[in-house]
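A.B. asks: have a look at this prediction, sequence included:
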Amino acid sequence: VLREHVPQGHKVALADLKAGDAVRRYDVPIGFALEDLQAGSWVNERRLRMPEARGLEDLPLATRKVELPPLEGFTFEGFRNPDGSVGTRNLLAITTTVQCVAGVLEHAVQRIRQELLPQFPHVDGVVGLEHGYGCGVAIDAPDAVIPIRTLRHISMNPNFGGEALVVSLGCEKLQPERLLPPGSFAIRDLRTGQATEPALDVVTLQEHDGFTAMLDTIVARARVHLQRLNARRRETVPASELIVGVQCGGSDAFSGVTANPAVGFCADLLVRAGATVMFSETTEVRDGVAQLTARAATPEVAQAVIREMAWYDEYLQRGSVDRSANTTPGNKKGGLSNIVEKAMGSIVKSGSAPISGVLSPGEKLGGRKGLIYAATPASDFICGTLQLAAGMNLHVFTTGRGTPYGLAEVPVIKVATRSDL
């Protein structure tokens, strides 16, 4: 019997708890009671002390072995690319080297959509890959490699068909040849082994006399790429060509009960079919690190997980903040008391397959299959962006509070935790 009003999704003590007793959900202690709580009492963050973070020493390394029988015969309709990858969409992507060109590109994309796309019915759309980098920063700083390789690898996403159209200002530090060096778009003939590469198509704005001339050139160059993309057709390909990113945002207490377990069940089916599934969000899964290292396929994979968690610990230390900052007011309103509880519900969307590899931020999959941990922050758009860079061609996004999150580069399947949402 409830002793007080308890909002939807929030926790109720099922037995009397003394101050200091562990409060368990998902069969782990998510906190310790700060006061005596009678059965039927509302359990929330104000009545809990959060557990200390699990240390990164003496963790179980590749101790949990799960055999998932293969699934065969499943397919989808995709676009085969010259490099062997498969896209779920047929998009023209226009890469930028520097933030200064974003305004011009926005106008150019509008013109391409209005003037050109109706002429090319087999092209699904055009996207401008804009960002806030490229100049005015220490381009050779140790961590500058992360945004540079992220931008490079997004440009090579399977949904873009291997086309390379770049808009540059001209004087920026991140020159086109540095962003996309020779070999970025190498295409290897599977019969002869010989590699060829399309020329990098660069529009340099400072070489033009005025705004209209810039737009005209971008539109004219886009037409050439659209003609090639328009010749492509979908064909039946095995499900093993899917690269699925899973993520949650605007989570609530039902995320770990309804949406995320359903996605985890789906993740296992995809892995059994030979596909690649990426899960992420270092800032959320840190409190479940022992689960991740135990599920690693090898001790080396487990050590790679530990490496990414250690980076996050050091990051928090440098900023003089703690991991409790992750849980948002919306998460708490939806019934999540702290990051420990949130972590348990977040990890479950990865299913039960062994973790076969780990990616650092901005890295590319490079043909790796199975369940992959892609180290990203929990921030929705940053996580999605880094999964794009890894090579994702389909995104599954769960939410309990609701969010307008989306990606122009890949299909995004939204999964709600509650019927009313």
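C.D. replies: Sure, I can see it.
A.B. asks: what is the burial count for Val277?
C.D. replies: Using other CB atoms under 10 Å, Val277 has 29 neighbouring residues. Where C-beta positions appear, they are placed from N, C-alpha and C, glycine not excepted.
A.B. asks: once you drop chain neighbours, what's closest to Lys364?
C.D. replies: Leaving aside its chain neighbours, Lys364 sits nearest to His153 (4.7 Å; criterion: CB to CB, 6 or more residues apart in numbering).
A.B. asks: quick one: the one you found from Asn90, how far?
C.D. replies: Note on His153: its distance to Asn90, by CB to CB, to the nearest Å, is 19 Å.
A.B. asks: do Ala416 as well
C.D. replies: The value you get for Ala416 to Asn90, if CB to CB is used, is 29 Å.
A.B. asks: those two: which has the busier surroundings?
C.D. replies: Per other CB under 10 Å, whichever of Ala416 and Asn90 has more neighbours is Asn90, with 20 against 16.
A.B. asks: doesn't Leu229 make contact with the more buried one?
C.D. replies: Yes: counting by CB atoms under 8 Å, Asn90 touches Leu229, with 5.7 Å between them.
A.B. asks: overlap in contacts of the two?
C.D. replies: Residues touching both Asn90 and Leu229 (CB atoms under 8 Å, 6 or more residues apart in numbering) are His122, Val123, Gly161.
A.B. asks: tell me who's in contact with the nearest residue to the last one once chain neighbours are set aside.
C.D. replies: With CB to CB, 6+ apart as the criterion, Gly161 has its nearest non-adjacent residue at 5.3 Å, and that residue is Leu229. With contact set as CB under 8 Å, 6+ apart, Leu229 has these partners: Asn90, Leu91, Leu92, Phe120, His122, Val123, Gly161, Glu163.
A.B. asks: now the strand or helix carrying Leu229, how far from the chain's geometric center?
C.D. replies: Leu229 belongs to helix 211-230 when assigned by DSSP states H and E. Relative to the centre of its chain, helix 211-230 is centred 30 Å away, using CA atoms, centre = their mean, to the nearest Å.
A.B. asks: C-alpha coordinates for that helix, PDB please?
C.D. replies: Extracted C-alpha coordinates of helix 211-230, given in PDB (Å, rounded to 0.1, in the frame of the first residue of the first chain):
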ATOM      1  CA  PHE A 211      28.200  34.800 -53.400                       C
ATOM      2  CA  THR A 212      26.300  33.900 -56.600                       C
ATOM      3  CA  ALA A 213      29.400  32.500 -58.300                       C
ATOM      4  CA  MET A 214      30.100  30.300 -55.300                       C
ATOM      5  CA  LEU A 215      26.600  28.900 -55.300                       C
ATOM      6  CA  ASP A 216      26.600  28.300 -59.100                       C
ATOM      7  CA  THR A 217      29.900  26.300 -58.900                       C
ATOM      8  CA  ILE A 218      28.700  24.200 -56.000                       C
ATOM      9  CA  VAL A 219      25.400  23.400 -57.800                       C
ATOM     10  CA  ALA A 220      27.200  22.600 -61.100                       C
ATOM     11  CA  ARG A 221      29.600  20.200 -59.300                       C
ATOM     12  CA  ALA A 222      26.800  18.600 -57.400                       C
ATOM     13  CA  ARG A 223      25.100  17.800 -60.700                       C
ATOM     14  CA  VAL A 224      28.000  15.600 -61.800                       C
ATOM     15  CA  HIS A 225      27.900  13.600 -58.600                       C
ATOM     16  CA  LEU A 226      24.100  13.300 -58.700                       C
ATOM     17  CA  GLN A 227      24.300  11.800 -62.200                       C
ATOM     18  CA  ARG A 228      26.500   9.000 -60.900                       C
ATOM     19  CA  LEU A 229      24.400   8.400 -57.800                       C
ATOM     20  CA  ASN A 230      21.200   8.400 -59.800                       C
END
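A.B. asks: next one: the closest residue in space to Gly384 that isn't next to it in sequence relative to Val145, how far apart?
C.D. replies: Counting by CB to CB, 6+ apart, Gly384 lies nearest to Leu407, which is 5.3 Å off, once chain neighbours are set aside. Separation of Leu407 from Val145 (CB to CB): 23 Å.
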